[in-house]
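> output the structure for:
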Amino acid sequence: MMMNLAMFKKVSTRVFAYFVMTALGMIGTGTIVGINMWQAALMAGIAGVANVVEGLARAYVGDGVLTAEEVDEVFNAAPVRKD
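I've put the predicted structure just below:
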C-alpha cells in the first residue's frame with residue numbers, strides 16, 4: 001500500500017516541526033563556539049531530521065509498509081529536549 005497524501009502531509013509537517021525544534025535548540029550553542037547562527041541551526045536541524053528519516057526508513061524496510069502507528073513510534077522515539 002502506498003503512502004496516501006494525508007499521511008505524506010502529516011509526516012512532512014512533523015519532520016519540519018522536528019527540524020525547527022532541533023535547530024532552535026542549537027542557535028545559542030553555535031554562537032558560543034564561534035559558528036554562525038544559521039549554520040549551527042542548519043546543522044542541528046539536518047542531524048535531527050536525519051535521525052527521524054532513518055527511523056522511518058527502518059520501519060518501512062521491515063515489511064514494505066509504513067503505517068500511522070509506525071510513524072508515531074518513530075516520532076515518539078526521537079530524542080526531544082525537555083527544559
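> ok, the residue nearest the centre of the chain - contacts?
For the chain, Val49 is the residue whose C-alpha lies nearest the centre (Cα atoms, centre = their mean; 3.2 Å). Contact partners of Val49, counting by Cβ atoms under 8 Å, 6 or more residues apart in numbering, are Val15, Tyr18, Phe19, Thr22. Using the backbone N, CA and C atoms, a C-beta is placed for each residue, glycine as well.
> name the element it belongs to?
Val49 is part of helix 37-63, with elements assigned from DSSP states H and E.
> how about Met7, nearest residue that isn't a chain neighbour?
Leaving aside its sequence neighbours, Met7 sits nearest to Ala68 (Cβ to Cβ, 6 or more residues apart in numbering; 6.7 Å).
> find the least confident helix or strand in the protein, judged by mean pLDDT.
Of all helical and strand segments in the chain, the minimum by mean pLDDT, DSSP states H and E falls on helix 5-32, at a mean of 86.
> skipping adjacent residues, who's closest to Val11 in space?
Per Cβ to Cβ, 6+ apart, closest to Val11 is Val71, 5.9 Å.
> that neighbour reaches Lys10, doesn't it?
Yes: the pair Val71 / Lys10 is scored as a contact, 7.3 Å apart, by Cβ atoms under 8 Å.
> who has more neighbours, those two?
Val71 (20 against 16; other Cβ atoms under 10 Å).
> report the contact partners of that one.
Met7, Lys10, Val11, Arg14, Leu56, Ala59.
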